[in-house]
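A.B. asks: sequence first, then the predicted structure:
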Amino acid sequence: MLPLVRTNHQKLEDYRELISGDLFEEIARLAKGLKGLRVFQVNATPRGGGVAELLRSLVPLMKGIGIRAEWYTIPPREDFFKITKEIHNALQGKEYVIPFWQRVRYLEHIERSANLMRDMKPDVWIIHDPQPAGVILYLPHFHPAICRIHIDLTLPNPEAWKFFSGIFGMYDKIILSSKRFIKKEIRRKTMVFPPAIDPLAHKNQPLNLDFSKEILKSYGVNPLRPLVSQVSRFDPWKGFLELIEAYQMLKKKVPDLQLALVGFFLAKDDPEAMKVYSLVKEKAEKDPDIFLFFDPEMLGSLEIHSFVNAIQVASEVIVQNSTREGFGLSLTEAMWKGKAVVGGPAEGIRLQIQNNKNGFLSSGPQELSKRIIQLIKNPQLAEKLGKAARQTVRRDFLVPRVLRDYLKIFKELA
Ligand code: UDP
């Protein structure tokens, strides 16, 4: 059997005040016919990154409505994750030829993982992202199975796409976050719905502004000076270097500005973080007003989710400067907190921000710095956009909606 990730139960009732009555009723109705259904979800890592974040709330909620849901991961392996990170980057458009030996290594570990799945017999499988997707090659009776691809497929590297579209195409259904990610090879089986955040998660609990500033003060951030932040894995697609460039331009106009970049090293499947962090550190040029958070040890006894909550609440502006992003839950979390957000050009960001309505979109350091200063100088505008952002999340991006979308598919498949 694959390694199990332990999860609790979460009652749908607990979300009643947060979602529309219609959605609540629809879920309750769909759930009636699906009680006892065994649904196993598999991804690459139990922590770090958006997929783990989503499963941590979705699986308990499935259990709460009577589905026998479980969450498993494929066994971690360093060389495998190095290869799958390259594959992930290639599918997001990086120039890359997957060498033959890497395909072999990928398939070897996938076969090993598939062997651990042979005796597992759910009614529906949900496999998240390319890391585990290949198991279907080794499991002839692996149906019904859904492949949930969270990455940005706007412009995949053609070679990587050729290899993986064959694998994705073996699934009964494929779920993407945007219709812009649909490709002709998988169109027939594709459905589109974005992921969502859990308003009941510790990280998303209401936090007093002064208290959150007090927390940050103990890590050196001055509570009386403006703060801009980005919470993201140190990853080449997250636009960190351009964000620092924008900050450096801004610093001339707002000398007391502070920038916090939060990317704790957590995800086992992300061996690239250290490299990107080094580039970011170099670019930050030992500026005492740029705070880099990467080592969980830095926090002492404070939990990461409490720190992330505090940073998001205490920031005047939150940036998610991604150039590629399947969706971007960090941004959703900031919007849920009613924050003024500025997002990069990636499709996942555009799924959430409507320019000038619930935040700003920017296409480069110049525009980014212009938008940040506009929000810092005009708190009323920041508040107005932040309020609209929270409404967007309430309407479209809370986890019960994702549950509803899955229940509809289960009904069709089961
Ligand atoms: N996150 C975190 N600590 C960090 C960086 C990120 O807890 O130092 C969380 C963040 O709050 C969000 C998730 O990791 O819940 C990132 O998801 P997203 O979809 O934004 O990006 P991904 O990592 O999946 O590319």
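C.D. replies: That came through, no problem. Values in this document were obtained by computation on a predicted structure and should not be read as measured data. Numbers count the residues shown, from 1 in each chain.
A.B. asks: now for residue 4: which residues touch it?
C.D. replies: 70, 71, 72 (C-beta atoms under 8 Å, 6 or more residues apart in numbering). C-betas here are computed from N, CA, C, even on glycine.
A.B. asks: residue 215: which of these is nearest?
C.D. replies: Closest approach to residue 215 among those (C-beta to C-beta): residue 71, at 30.2 Å.
A.B. asks: toward the C-terminus, what is the element adjacent to the host helix or strand of that closest one?
C.D. replies: Assigned by DSSP states H and E, residue 71 falls within strand 68-73. Of the helices and strands lying after strand 68-73 in sequence (DSSP H and E), the nearest is helix 78-91.
A.B. asks: packing partners of that next one?
C.D. replies: Counting contacts by 3 or more C-beta pairs under 8 Å, 6 or more residues apart in numbering; DSSP states H and E, helix 78-91 packs against helix 100-115, helix 130-133, helix 158-168.
A.B. asks: give me whichever of these is most buried.
C.D. replies: With neighbours taken as mean count of other C-beta atoms under 10 Å, the helices and strands packed on helix 78-91 reach their highest mean count in helix 130-133, at a mean of 24.
A.B. asks: mind checking pLDDT for residue 256?
C.D. replies: pLDDT for residue 256: 97.
A.B. asks: how about residue 143?
C.D. replies: pLDDT, residue 143: 89.
A.B. asks: helix/strand/coil for it?
C.D. replies: Three-state assignment for residue 143 (DSSP: H, G, I helix; E, B strand; the rest coil): coil.
A.B. asks: now it. Nearest residue, chain neighbours left out?
C.D. replies: In this structure, residue 143 finds its nearest non-sequential neighbour in residue 172, 5.9 Å apart by C-beta to C-beta, 6 or more residues apart in numbering.
A.B. asks: what does residue 91 give?
C.D. replies: Nearest to residue 91 is residue 156, by C-beta to C-beta, 6+ apart, at 4.8 Å.
A.B. asks: report how many residues lie close to that neighbour.
C.D. replies: 20 (other C-beta atoms under 10 Å).
A.B. asks: secondary structure element for it?
C.D. replies: Using DSSP H and E, residue 156 falls within no helix or strand.
A.B. asks: show me what contacts residue 262?
C.D. replies: Residue 262 makes contact with 229, 230, 231, 232, 293, 307, 308, 311 under the criterion C-beta under 8 Å, 6+ apart.
A.B. asks: what about the fifth one, neighbour count?
C.D. replies: Meaning residue 293. Neighbour count of residue 293, defined by other C-beta under 10 Å: 19.
A.B. asks: where's it relative to the ligand, distance?
C.D. replies: 7 Å (C-beta to the nearest ligand atom, to the nearest Å).
A.B. asks: can you name the residues bridging to that residue?
C.D. replies: residue 262 (DSSP bridges).
A.B. asks: assess the claim that it and residue 307 are in contact.
C.D. replies: Yes: counting by C-beta atoms under 8 Å, residue 307 is a contact partner of residue 293 at 7.4 Å.
A.B. asks: overlap of the contact sets of these two?
C.D. replies: Contact criterion C-beta under 8 Å, 6+ apart; residues shared by residue 293 and residue 307: 262, 299.
A.B. asks: now do the contacts for the closest residue to the ligand within the chain.
C.D. replies: Nearest residue of the chain to the ligand: residue 50, at 2.5 Å (C-beta to the nearest ligand atom). Going by C-beta under 8 Å, 6+ apart, residue 50 touches 150, 195, 326, 327, 328, 329, 330.
A.B. asks: what do you get if the cut-off is 10 Å, keeping everything else the same?
C.D. replies: 150, 195, 197, 232-233, 267, 325-330, 332, 348 (C-beta atoms under 10 Å, 6 or more residues apart in numbering).
A.B. asks: also residue 108?
C.D. replies: Contacts of residue 108 by C-beta under 10 Å, 6+ apart are 77, 79, 80.
A.B. asks: state the helix or strand in which residue 259 lies.
C.D. replies: According to DSSP H and E, residue 259 maps onto strand 258-262.
A.B. asks: and that strand with the ligand, contact?
C.D. replies: Yes: residues of strand 258-262 contacting the ligand under C-beta under 6 Å from any ligand atom: residue 262.
A.B. asks: my read: residue 102 touches residue 87, true?
C.D. replies: Yes: using C-beta atoms under 10 Å, residue 102 is in contact with residue 87, at 8.1 Å.
A.B. asks: now for these two: what residues contact both?
C.D. replies: residue 96.
A.B. asks: what's the burial count for residue 351?
C.D. replies: Other residues close to residue 351 by other C-beta under 10 Å number 23.
A.B. asks: next, it: phi, psi?
C.D. replies: Main-chain torsions, residue 351, degrees, to the nearest 10: phi -70, psi -20.
A.B. asks: which residues touch it?
C.D. replies: If a contact means C-beta under 10 Å, 6+ apart, then residue 351 has 177-180, 192, 194, 325-328, 331-332, 343, 396-397 as its contacts.
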